[in-house]
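> how would this look folded up:
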Amino acid sequence: LDDPYRRAWHRSQAITGPDDEVADGLEASYRTALRRGSVTEAIWALKRSAQLTSDSATRGRRLLLAAEHAFALGRADLVSELLARAARTRLSKLDLARMEWLREIFHDGVPGDPARVFELCEMAGQSVEAGDRPLALNLLLGAALRCWWSDTGPDARARVVAGARQLDGMERDPRHIAVLGVGDLLRQGRLVIERLHAVVLEAVDDPAQLWLLGMAAHAVGEPVRAADFLARAESRLRDDGRLGLLSQVLTLQVLDNLELGDWGRARAALEEGRRLAVETGQPIWDTGTLTLTAIMAGLHGDGERAQLVAAEAEYGADGRRLNDLLCCAQLARGIGLMAGGEYGAAYDALSRMFDPADPAFHPTERFHGVMFLAEAAVHARRVVEGRVVIAALEQDGRTTSSATLHRHLSYARAVLADEREAEELFGAALRADLVRWPWLRAKTELAYGGWLRRRRRVAESRPYLRSAQATFDLIGASVWADQARAELREIGRAHV
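Residues are numbered from 1 along each chain as shown. Next up is the predicted model:
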């Protein structure tokens with residue numbers, strides 16, 4: 001056989017005992033399998049190579065490499081098996097660090113004591129000293145994810161950022177961008193956003209890199225960039241059959257697509273993402289889909305279901321101190337209560353997202369609730385309280401250029417403004433670039449149209465209300481479409 005790939009496979013099938021020459025050939029062949037699009041074959045080659053390897057440390061390294069690809073396929077059972085076998089070998093110091101990283105990604109970066117963040121950062125530093133900078137970035141990403149899911153405190157976040165800054169020359173690496181964006185999403189937000197906007201989407205083909213860029217964009221509140229990166233990643237992961245990452249990519253898309261008014265795509269991603277999270281054994285992502293299901297129910301006017309599913313998600317998230325998911329659960333509660341006209345209770349639920357002392361506080365996920373908090377404050381006659389919350393968020397707006405925060409603030413300023421300033425602020429909100437934000441544009445048009453109608457400026461209000469109704473109907477936002485229709489009926493009655 002002249003083909004080295006086929007020769008390595010045939011030889012590996014023909015022997016029973018250790019043979020390092022054949023094992024080396026098999027390890028080399030797994031890259032050929034990956035290039036041909038067969039991750040399953042690559043994993044088999046690495047497993048078989050490990051079986052034929054006489055040196056314990058080399059055997060362990062090959063098992064860890066196989067585990068990494070098994071995770072990408074979504075094979076939780078196989079990852080567990082390979083890690084258990086690798087743990088019985090004499091791993092090198094670097095491979096011990098690699099095993100820690102694999103345990104982190106396998107368990108979704110499960111949060112815990114901030115000490116674990118410092119441990120991962122310490123291992124990253126050791127990896128740099130040993131010359132393995134990519135492994136250092138992977139370990140830092142594991143540490144950053146812990147900071148994302150749970151409040152590990154400012155010292156832990158600062159340690160992650162310090163570790164990333166030691167890696168000179170890797171600032172444009174998607175992992176580096178993700179570490180900064182996920183690890184300290186508020187303070188590093190402006191820098192991360194600049195780097196994300198410098199990336200040419202069409203120039204990135206690696207789905208793992210697209211996933212990292214999409215994760216960073218979501219973390220810092222850039223839904224347009226997040227949606228674009230993640231949609232491209234989704235297409236390529238489907239082609240490769242990498243279900244573990246596909247589950248995360250689908251779930252990450254949901255909230256950003258809801259922000260952008262693509263509710264049909266959000267619903268489809270949510271349904272498939274949850275199924276894959278269960279099938280691939282990713283419990284945090286499974287719980288995450290519950291919070292998103294609750295948000296979706298609230299947006300569609302099913303307040304009772306929003307409350308029930310949010311409670312189920314909170315039960316799964318509270319024991320692990322998952323601030324991210326607790327924040328989203330409160331968002332779902334607030335939206336669900338608003339759908340039922342319970343604006344006072346909705347304000348109470350939503351305000352928890354903005355209280356740093358509350359377990360439901362999250363540095364950037366709360367940005368998705370700004371618009372709803374302002375709306376609830378107006379209907380509940382708690383405008384003064386709402387303005388206090390918005391004033392604090394204006395301070396954050398000077399730190400980060402997050403599009404989600406600044407778009408929501410433009411709406412909140414207008415609806416909470418006094419009589420003298422409201423019209424100017426509505427105009428400023430509608431002059432912003434909202435081409436990719438039809439949901440927010442329609443919400444602003446509805447609020448402005450209603451404001452004009454109540455001041456008997458009927459001719460001016462009607463185009464805004466009609467535009468809002470049409471957009472809401474297109475999106476599937478029936479609760480708000482009905483509000484726009486009610487405003488238009490009030491105009492009709494006033495002219496009978």
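
> Just give me the neighbour total for Ile15.
With neighbours defined by other Cβ atoms under 10 Å, the count for Ile15 comes to 11. In short, each C-beta sits where N, CA and C put it, glycine included.

> quick one: contacts for it?
Val22, Leu52 (Cβ atoms under 8 Å, 6 or more residues apart in numbering).

> so how far is Ser56 from it?
Ile15 is 19 Å from Ser56, where distance means Cβ to Cβ, to the nearest Å.

> and after the helix or strand that contains Arg62, which helix or strand comes next?
Counting by DSSP states H and E, the element that carries Arg62 is helix 56-73. Per DSSP H and E, the first helix or strand lying C-terminal to helix 56-73 is helix 76-87.

> which residues touch that next one?
By Cβ under 8 Å, 6+ apart, the list of residues contacting helix 76-87 reads 43, 47, 50, 60, 63-64, 66-67, 70-71, 95, 99, 102-103, 106, 244, 280-282.

> Just the pLDDT for the nearest residue to Ser247 once chain neighbours are set aside.
Nearest in space to Ser247, with sequence neighbours left out and distances taken as Cβ to Cβ, 6 or more residues apart in numbering, is Leu276 at 3.7 Å. Note on Leu276: pLDDT of 90.

> Spit out the contact partners of Leu276.
Gly74, Leu243, Leu246, Ser247, Leu250.

> separation between it and Pro463?
In terms of Cβ to Cβ, Leu276 sits 44 Å off from Pro463.

> Repeat that for Leu34.
From Leu34 to Pro463 the distance is 56 Å (Cβ to Cβ).

> what does Gly261 give?
Gly261 is 19 Å from Pro463, by Cβ to Cβ.

> mind checking how far Ala70 is from Leu139?
19 Å.

> do Ala294 as well
Distance, Ala294 to Leu139, using Cβ to Cβ: 33 Å.

> that older thread, between Gly261 and Pro463, which has more neighbouring residues?
The neighbour comparison of Gly261 against Pro463 (other Cβ under 10 Å) goes to Gly261, with 24 against 12.

> thinking the more buried one is in contact with Thr471, fair?
Yes. With contacts counted by Cβ atoms under 8 Å, Gly261 reaches Thr471, the gap being 7.4 Å.

> Quickly list what's touching both of these two.
Pro438, Trp439, Ala442.

> Tabulate these in a markdown table, adding columns for distance to Ser351, secondary structure and neighbour count.
As requested, these are exported to a markdown table (distance: Cβ to Cβ, whole Å; DSSP: H, G, I helix; E, B strand; the rest coil; neighbours: other Cβ atoms under 10 Å):
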| residue | distance to Ser351 | secondary structure | neighbour count |
| --- | --- | --- | --- |
| Pro438 | 27 | helix | 19 |
| Trp439 | 22 | helix | 22 |
| Ala442 | 25 | helix | 26 |
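
> Nearest to Ala306, out of these: which one, please.
Checking these against Ala306 with Cβ to Cβ, the nearest one is Trp439 at 17.5 Å.

> Tell me which helix or strand Arg146 sits in.
Assigned by DSSP H and E, Arg146 belongs to helix 133-149.

> Now that helix: buried residues?
133, 135-149 (16 or more other Cβ atoms under 10 Å).

> Report the mean per-residue pLDDT for it.
92.

> can you check stretch 72-91 too?
Regarding stretch 72-91, the rounded mean pLDDT is 86.

> Going by neighbour count, which residues in that stretch are buried?
72-76, 78-79, 81-83, 85-86, 89, 91.

> Need the residue closest to the centroid of this protein.
By Cα atoms, centre = their mean, the chain has its centre lying nearest to Leu252, at 3.9 Å.

> ok, now which ones touch it?
Contacts of Leu252 by Cβ under 8 Å, 6+ apart are Gly214, Met215, His218, Ala226, Leu230.

> what about 10 Å?
If a contact means Cβ atoms under 10 Å, 6 or more residues apart in numbering, then Leu252 has 211, 214-215, 217-219, 226-227, 229-230, 233-234, 269, 273, 285, 288 as its contacts.

> and if you look at Met99?
With Cβ under 10 Å, 6+ apart, Met99 has these contacts: Gly60, Arg61, Leu63, Leu64, Ala67, Leu83, Ala86, Ala87, Leu91.

> Also His197?
By Cβ under 10 Å, 6+ apart, the contact list for His197 reads Ala217, Glu222, Val224, Arg225, Ser401.

> tell me how far the helix or strand where it lies is from the chain's mean position?
Under the criterion of DSSP H and E, His197 resides in helix 189-198. Offset of helix 189-198 from its chain centre (Cα atoms, centre = their mean, to the nearest Å): 16 Å.

> now swap in stretch 26-45 and tell me
Relative to its chain's centre, stretch 26-45 lies at 30 Å (Cα atoms, centre = their mean).

> Over to stretch 172-188?
On the basis of Cα atoms, centre = their mean, stretch 172-188 sits 13 Å off its chain's mean C-alpha point.

> Could you give me the buried positions within that stretch?
The neighbour-count check on stretch 172-188 (16+ other Cβ under 10 Å) flags 173-188 as buried.

> could you give me the average pLDDT of that stretch?
95.

> With stretch 259-269 instead?
97.

> hmm, which helix or strand of the protein has the shakiest average pLDDT?
Lowest by mean pLDDT, DSSP states H and E among the helices and strands of the chain is helix 4-14, with a mean of 68.

> so after that one, what's the next helix or strand?
helix 20-35.

> what's the angle from that next one to helix 56-73?
Counting by axes from the mean of the first three to the mean of the last three Cα atoms, to 10 degrees, helix 20-35 lies at 20 degrees to helix 56-73.

> Packing partners of helix 20-35?
On a contact count with 3 or more Cβ pairs under 10 Å, 6 or more residues apart in numbering; DSSP states H and E, helix 20-35 meets helix 4-14, helix 39-51, helix 56-73.
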